[in-house]
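In: next come a sequence and a model predicted from it.
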Amino acid sequence: MARATKKLTDTWLKRAKIANGVHSDGDGLYLRVQGTSRSWIYIYSFEGKRREMGLGAYPSVGLADAREHAEAARKVRATGGDPIVLREAAREAAKAANVVAEVAKVTGLFAGVAAQFISAKERGWTYDITTKYKGYLRNHLVTFGAKLCADITTNDVCDAIRETWDTPTGPYLRSFIERVMDYAMVSGICPERLNPARIEAVRHVLHDRAHETKHHAAMPFADVPAFAKGLGELGTVPGRALLFCILTATRQREVREVTWREFDADLTLWTIPKARYKTRTDHRIPISEAARALLLSIGTNRDPDTLVFPGQRKGRPISQHIFASLINDGFKPHGFRTSFIGWATKVGKFSDDMAQRCLGHLTGTEVSRAYDRDDRLDERRVMHDQWATYIATGA
């Protein structure tokens, strides 16, 4: 569902006099005016009670920033949370992180330095990366975390990662330790030296991993129409969600967490905001008639912050494992994006560049992308429409 039209403007806000009261910008964002005081608030309902969340004073917090803060709060509401409670928890966590950071500066323990490193960098990371790195400290580096960065050797690093070395986690764990050690050295927490976690050193102690790239197992595109028909016949939320994932050639998480707010009023365009997208840019996806019909079949309750494909727990998306349970023969949900590429280039006769654009991949060089900002929406719509026709007819 399209967001309500914005009512406030920067020009209006700069007026010398604005009547006392609460002025709406739409979607729960308001400007409260009392004399010369102007402040932003986000008003919402939680567990049947009206809540007001302060977002800062104007003009210190401008209109664009206030809208961004309100959007972040709405995302919390979309998952069933209370943004005020979450903000307070974040503040407490930040205080704790600051304490850890100060201890790290004095003691140089790896766990403290790693926590400081995560805190310093997480604004530029996705939620998944931050969660993964915190999980490394909690699940794999408990003993290692008690070591002084200044004393850590390559053998220490290898001991910490040996059990995971032959798993997908191993290389990421080594890379994380290397980054933390680099951070410790450039921050002056420990003396500069050759990084003990560098791959060249680790290879002298641990065996070389086989250089094998493991791709997501993809269903042959010729088999997708029959599989999609079976999903449609299920009539379940997970079945509809996976079918929508296939029709739009998107990642499973993007579908599991989508709310009605991300669609336009006619359900012909889906815009995944940069906060949820891998490339950290907004990604527009044209909705085929088949995908639109699927959305319409869900019902008429399209509250902007409601999940399109809700899970069994209220306010929570469907499980990340549910799609895998619907697919046989070892195929992966992500593999349907490969199926789409195969169909697009072999049957649809589209260029690989256009197919990659449909998947939201960055194409060309950084310089060429700076000049070419057209996302080829109309051309991609043709491709999505033909993909939907192929899924429906097999031809």
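Out: Ah, there it is. Numbering: from 1, shown residues only.
In: got a pLDDT number for the nearest residue to residue 122 once chain neighbours are set aside?
Out: Spatial nearest neighbour of residue 122, excluding adjacent residues (Cβ to Cβ, 6 or more residues apart in numbering): residue 130 at 4.5 Å. C-beta here means a position set from N, CA and C on the backbone, and glycine is covered the same way. Residue 130 carries a pLDDT score of 85 in this model.
In: for the helix or strand residue 130 falls within, C-alpha coordinates in CSV please.
Out: Element membership for residue 130 (DSSP states H and E) is helix 127-139. Extracted C-alpha coordinates of helix 127-139, given in CSV (Å, rounded to 0.1, in the frame of the first residue of the first chain):
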residue,chain,number,x,y,z
TYR,A,127,21.9,-6.3,10.4
ASP,A,128,23.0,-9.8,9.3
ILE,A,129,26.7,-8.9,9.4
THR,A,130,26.5,-7.3,12.8
THR,A,131,24.6,-10.3,14.2
LYS,A,132,27.1,-12.8,12.7
TYR,A,133,30.1,-11.0,14.2
LYS,A,134,28.5,-10.9,17.6
GLY,A,135,27.7,-14.6,17.3
TYR,A,136,31.3,-15.4,16.6
LEU,A,137,32.3,-13.8,20.0
ARG,A,138,29.5,-15.7,21.7
ASN,A,139,29.8,-19.1,20.1
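In: other SSEs contacting it?
Out: Packing partners of helix 127-139 (3 or more Cβ pairs under 8 Å, 6 or more residues apart in numbering; DSSP states H and E): helix 110-121, helix 169-186.
In: any buried residues in stretch 140-160, and which?
Out: For stretch 140-160, a neighbour-count test (16 or more other Cβ atoms under 10 Å) marks 140-141, 144-145, 147, 149, 152, 154, 156-158, 160 as buried.
In: count the residues that sit near residue 50.
Out: Neighbours of residue 50 under the rule other Cβ atoms under 10 Å: 8.
In: correct me, but it touches residue 43?
Out: Yes. If you go by Cβ atoms under 8 Å, residue 50 and residue 43 touch, sitting 6.9 Å apart.
In: JSON lines for the helices and strands packed on helix 127-139, including mean neighbour count, distance to residue 25 and mean pLDDT?
Out: Listed next are those as JSON lines, based on neighbours: other Cβ atoms under 10 Å; distance: least, Cβ to Cβ, whole Å; pLDDT from 0 to 100:
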{"stretch": "helix 110-121", "mean neighbour count": "22", "distance to residue 25": "32", "mean pLDDT": "91"}
{"stretch": "helix 169-186", "mean neighbour count": "19", "distance to residue 25": "40", "mean pLDDT": "93"}
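In: format those helices as CSV; extra columns: distance to residue 354.
Out: Shown next, in CSV, are the helices and strands packed on helix 127-139 (distance: least, Cβ to Cβ, whole Å):
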stretch, distance to residue 354
helix 110-121, 35
helix 169-186, 32
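In: ok, which of those helices comes nearest residue 220?
Out: Across these, residue 220 has its closest neighbour in helix 169-186 (30.0 Å, Cβ to Cβ).
In: got the CA positions of the very next helix or strand once past that closest one in CSV?
Out: Reading on from helix 169-186 to the C-terminus, the next helix or strand found by DSSP H and E is helix 199-205. Taking Å, rounded to 0.1, in the frame of the first residue of the first chain, the C-alpha atoms of helix 199-205 are listed here in CSV:
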residue,chain,number,x,y,z
ILE,A,199,45.9,-16.0,5.7
GLU,A,200,49.5,-16.4,4.6
ALA,A,201,50.4,-17.2,8.2
VAL,A,202,47.4,-19.4,9.0
ARG,A,203,48.1,-21.6,6.0
HIS,A,204,51.5,-22.6,7.5
VAL,A,205,49.7,-24.2,10.4
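In: residues touching the helix or strand just after helix 199-205, excluding its own?
Out: Per DSSP H and E, the first helix or strand lying C-terminal to helix 199-205 is helix 224-234. Applying Cβ atoms under 8 Å, 6 or more residues apart in numbering, the contact partners of helix 224-234 are 219, 239-240, 242-243, 246-247, 326-327, 336, 339, 343, 390-394.
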